[in-house]
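Trainee: can you look at this prediction? I've put the sequence above it.
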Amino acid sequence: MKIVVASSEAIPFAKTGGLADVASALSKALAAEGHEVSLFLPFYPQSTARRGISSDDFEPCPEKVMIPVGSKQVEASLLKAAFPDSKVDVYLIDQPRYFDRPELYHENGRDYQDNCERFIFFSRAVMEFTSQLNLQPNIIHSNDWQTGLIPALLKIEYQNRPGFENTAAVYTIHNMAFQGQYWHWDMLLTGIDWKYFNRHQMEYFGQLNLLKTGIVFSDMITTVSPTYAKEIRTELFGYGLNGVLESHSDRLVGILNGVDTSEWNPETDPHLAAHYSVNTLSEGKAKCKAALQERMGLPRKPDTPLLGTISRMTDQKGFSLILDAAENLLATDVQMVFLGTGDPRHETAFSELAKRFPDKVATYIGFDEGLAH
């Protein structure tokens with residue numbers, strides 16, 4: 001099959017969470033099965049530079065398109081890259097006005113005010129470059145609210161165009177809490193007829209909801225596990241869209257996230273202080289533990305349990321529960337390392353926790369690929 005994957009982030013180019021890992025790993029796995037895979041993501045020059053990726057790693061493509069965003073026409077250009085040892089074609093959509101920023105979605109705990117416009121532009125650019133490159137996909141696979149407009153564009157505008165007659169839309173929900181919900185006038189930015197702004201399609205309590213849009217217009221809806229597929233149909237975990245998902249449950253399936261074993265392999269991982277296999281597990285992990293303690297400024301205690309957490313620091317991920325239990329937990333012989341960003345309240349609280357317990361807690365606000373491994 002010919003498959004187009006659209007994601008707002010993908011390793012090694014840009015990452016804020018697990019979406020980046022899955023977008024890359026799934027694309028490579030599909031290509032390894034013999035499918036023709038094209039992965040689209042925005043080009044974030046500041047992010048790629050921080051991650052040590054040179055501009056020489058990108059090949060400028062001659063294709064340029066003008067993308068309608070509301071009443072404006074915005075130029076999009078294209079860069080091409082590749083994964084080592086993979087046949088995936090990686091396309092990065094370049095528009096400095098939208099993507100040349102210090103972070104991907106927000107700074108200092110505040111979302112970029114034009115996020116809706118940015119990812120409407122990206123979604124339209126994915127569709128237009130898919131057409132320009134004559135990719136003729138059997139499947140367009142979009143992910144989370146940032147690309148929720150793509151299934152709607154396919155069904156409303158592109159389905160009858162050459163190259164899209166047999167294209168199906170697959171939409172994956174990685175996190176129901178982030179829905180891309182914006183005021184109703186942002187509907188104008190989509191370029192889609194107002195008749196679709198109704199409670200059965202793109203409207204949610206008077207606002208534009210891009211996650212709902214992706215759900216309603218896709219042919220199949222997937223999520224990160226069979227359990228999560230059940231949970232998001234409940235009031236507790238559906239974040240207001242459980243009824244929408246229930247009405248489309250015949251198209252909803254949970255597929256457990258896999259892991260890229262070429263990236264996460266302790267026998268070969270270049271980020272680890274020591275390599276190990278199932279036969280050298282104890283020795284190798286002991287060396288890695290000591291290296292982590294040293295890097296994070298913790299005393300080297302080989303017999304003390306060391307707990308590590310890599311996550312978005314939000315209530316949804318359980319960080320308020322960790323704070324509630326911290327005093328009792330730290331009264332025992334234990335060390336903890338936290339890596340991530342998120343709610344400024346939690347960033348501050350866990351930084352303060354590390355100051356109060358310097359021999360037991362270390363907190364790194366940000367993301368570091370080597371440290372994550």
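Mentor: Arrived safely, thanks for sending.
Trainee: that's a helix at residue 234, yeah?
Mentor: No. Residue 234 sits outside any helix when classified using DSSP: H, G, I helix; E, B strand; the rest coil, being coil.
Trainee: for it, which residues are in contact?
Mentor: Contacts for residue 234 (Cβ atoms under 8 Å, 6 or more residues apart in numbering) come out as residue 242. For the C-beta atoms, the positions are set from N, CA and C on the backbone; glycine is no exception.
Trainee: quick check, pLDDT for it.
Mentor: With respect to pLDDT, residue 234 has a value of 97.
Trainee: measure it to residue 227 for me?
Mentor: Using Cβ to Cβ, to the nearest Å, residue 234 is found at 11 Å from residue 227.
Trainee: so residue 300 touches residue 293, yeah?
Mentor: Yes. Here residue 300 reaches residue 293: they are 5.0 Å apart, a contact under Cβ atoms under 8 Å.
Trainee: more crowded one of the two?
Mentor: Using other Cβ atoms under 10 Å as the criterion, residue 300 and residue 293 rank with residue 293 on top: 19 against 11.
Trainee: look up how far residue 115 lies from that one.
Mentor: Taking Cβ to Cβ as the measure, residue 293 falls 39 Å from residue 115.
Trainee: what number of residues lie near residue 163?
Mentor: 16.
Trainee: check the secondary structure at it for me.
Mentor: Assigned by three-state DSSP, the conformation of residue 163 is coil.
Trainee: quick one: contacts for it?
Mentor: 130, 131, 134, 135, 136, 137.
Trainee: try 7 Å
Mentor: By Cβ atoms under 7 Å, 6 or more residues apart in numbering, the residues touching residue 163 are 131, 134, 136.
Trainee: check which helix or strand the first one maps to.
Mentor: Pointing back at residue 131 there. Assigned by DSSP states H and E, residue 131 belongs to helix 115-132.
Trainee: run through the bridge partners of residue 59.
Mentor: Using DSSP bridges, the beta-bridge partners of residue 59 come out as residue 80.
Trainee: okay, it: pLDDT?
Mentor: 94.
Trainee: distance check, it against residue 306.
Mentor: Residue 59 is 43 Å from residue 306, where distance means Cβ to Cβ.
Trainee: do the same with residue 147
Mentor: Taking Cβ to Cβ, one finds residue 147 at 38 Å from residue 306.
Trainee: of those two, which one has the most company?
Mentor: residue 147 (27 against 19).
Trainee: for the residue lying closest to the more buried one once chain neighbours are set aside, the count of nearby residues, please.
Mentor: Distances taken as Cβ to Cβ, 6 or more residues apart in numbering put residue 6 closest to residue 147, at 4.5 Å, once the chain neighbours are dropped. Residues contacting residue 6 under the criterion other Cβ under 10 Å number 25.
Trainee: beta partners of residue 6?
Mentor: Assigned bridge partners for residue 6, using DSSP bridges, are residue 40, residue 142.
Trainee: I'd say it and residue 124 touch.
Mentor: No. Taking Cβ atoms under 7 Å as the definition, residue 6 is not a contact partner of residue 124, at 11.0 Å.
Trainee: tell me the pLDDT of residue 213.
Mentor: 99.
Trainee: so what's it up against?
Mentor: By Cβ under 7 Å, 6+ apart, the contact list for residue 213 reads 148, 149, 152, 202.
Trainee: most neighbours out of those residues, which is it?
Mentor: Going by other Cβ under 10 Å, residue 149 tops the contacts of residue 213 with 32 neighbours.
Trainee: chain neighbours aside, what residue packs nearest to that one?
Mentor: residue 123 (4.0 Å).
Trainee: and the one you found, how many neighbours does it have?
Mentor: Neighbours around residue 123, by other Cβ under 10 Å: 27.
Trainee: isn't residue 211 right up against residue 148?
Mentor: Yes. Counting by Cβ under 7 Å, residue 211 touches residue 148, with 5.3 Å between them.
Trainee: which residues do those two both contact?
Mentor: In contact with both residue 211 and residue 148: residue 180, using Cβ under 7 Å, 6+ apart.
Trainee: can you count the residues close to residue 200?
Mentor: Applying other Cβ under 10 Å, we find 10 residues neighbouring residue 200.
Trainee: SS state for it?
Mentor: Under three-state DSSP, the three-state class of residue 200 is coil.
Trainee: what sits closest to it if chain neighbours are left out?
Mentor: With Cβ to Cβ, 6+ apart, the residue lying closest to residue 200 is residue 216, at 7.2 Å.
Trainee: can you tell me the element the one you found falls in?
Mentor: helix 210-217.
Trainee: equivalent analysis for residue 49, please.
Mentor: helix 45-50.
Trainee: mind listing what's buried in that helix?
Mentor: Residues of helix 45-50 classed as buried by neighbour count (16 or more other Cβ atoms under 10 Å): 45, 47, 48.
Trainee: and if you look at stretch 122-134?
Mentor: Of all the residues in stretch 122-134, those buried under the rule 16+ other Cβ under 10 Å are 122, 123, 124, 125, 126, 127, 128, 129, 130, 131, 132, 133.
Trainee: in CSV: the residues you listed, plus distance to residue 178.
Mentor: Compiled in CSV, the buried residues of stretch 122-134 are given as follows (distance: Cβ to Cβ, whole Å):
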residue, distance to residue 178
122, 16
123, 16
124, 20
125, 21
126, 19
127, 22
128, 25
129, 25
130, 25
131, 28
132, 30
133, 29
